[in-house]
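*Asks:* Any chance you could fold what I've pasted below:
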Amino acid sequence: MAHINRKILGSIKGKIGDVIFRERNGKVIAFARAKKYKKTKSQKLEKERTKFATVVQFANLIKNEPDLYSIWKKSNLQGSNAYQKIIKNNLKLTNESELSVNNILLPSGIYIEVNLLNINRSKNKISELEIELDIDNDHKPLFQEAKLYSLFYKTNECQLTSGEDKFYFNQTRINLDIVSEKNIVKIPAKIKTNENCSLVLLLCLVSENKNKKIYWTSTKGITII
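*Replies:* From the prediction side, this is the model:
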C-alpha cells in the first residue's frame, strides 16, 4: 500500500495494471492488485495431497502385517524399500483421492476369482460377508491352509462420524477344499455403514508350506453395497 502525495488533476479511482487506486480521507491510496486465485489448480493439488495421504495410510496397514510386508520386500517392483514399493505401485492405481478396486495388497501372484454371495447386515452395520473363492486346480493345493487378508475401504460417499476410520482390515484363517471347484468363505466384520455408503473390498491369500516357502495370490478387488 502507498499514499500519493502529489496533486492529481481530477480524481483517480479503480485499477491500472496491477495497481488499484482508492480515495480515503481526501488522499489517494494505491494497493497492489491481488493475483487471481486459481481455484482449479488448488483443487487438483488438494486431491493429490488427499490421494497421497490415503495411500500412505494404506501402506501402513500392509507394513503392520509381517506376511504381506515380507513379500513386498522380496519383490522386484520399483522402489528403494518395501514401504516405497507399496506407495509407488499403489499411487498410480488410486482414483483421484481414494482407493479403487485396482489397488493391490500384494505384488502380482497366482490368479484368484472372488464372487460376493451374501452380506449379513443389521440396520447400519455389516457383521459378516460370504464370498466364493475360485482358484485353478493346479494351484489350489498350495492354499489348502491359508490366510485370507481382506481390506474394506469406505469411499467418499460414506458419512463418517468423528473418529471413524475409512479402513477396516481383517485376517481370516481358511481351509480350502481341494476337491470342490469353488470354496465358500465367511469373513467376519464390524463395519458401520449408511444408506449411501459404498465399500471397496480388496482380498488376497497367503500360505506357507512345510519348507517355509511362501505362496500368494494376486489382489482381487470388488465393490460392495
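*Asks:* From now on I want contacts and neighbour counts done on CA atoms only, so please keep to that.
*Replies:* OK.
*Asks:* what ranges do the helices span in this structure?
*Replies:* 39-63, 66-74, 82-91 (DSSP state H).
*Asks:* Any chance of a markdown table for the ones you listed, columns mean pLDDT, distance to residue 112 and mean neighbour count?
*Replies:* Shown next, in a markdown table, are the helices of the chain (pLDDT from 0 to 100; distance: least, CA to CA, whole Å; neighbours: other CA atoms under 10 Å):
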| stretch | mean pLDDT | distance to residue 112 | mean neighbour count |
| --- | --- | --- | --- |
| helix 39-63 | 87 | 20 | 16 |
| helix 66-74 | 97 | 17 | 16 |
| helix 82-91 | 96 | 19 | 20 |
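*Asks:* Redo these as JSON lines? Include distance to residue 137.
*Replies:* Output for the helices of the chain, formatted as JSON lines (distance: least, CA to CA, whole Å):
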{"stretch": "helix 39-63", "distance to residue 137": "28"}
{"stretch": "helix 66-74", "distance to residue 137": "23"}
{"stretch": "helix 82-91", "distance to residue 137": "30"}
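*Asks:* Please, where are all the strands along this protein?
*Replies:* 2-4, 14-16, 19-24, 27-32, 113-122, 125-134, 145-154, 167-175, 183-192, 199-208, 214-216, 220-224 (DSSP state E).
*Asks:* Deepest in the core, which of those strands is it.
*Replies:* strand 199-208 (a mean of 22; mean count of other CA atoms under 10 Å).
*Asks:* Go ahead and confirm residue 106 touches residue 70.
*Replies:* No - in this structure residue 106 lies outside contact range of residue 70 using CA atoms under 8 Å: 10.0 Å.
*Asks:* Tell me how far residue 174 lies from residue 223.
*Replies:* Going from residue 174 to residue 223 by CA to CA, to the nearest Å gives 22 Å.
*Asks:* now do residue 140
*Replies:* 25 Å.
*Asks:* Which residue ranges make up each domain of this structure?
*Replies:* 8-32, 40-224 (automatic domain parsing).
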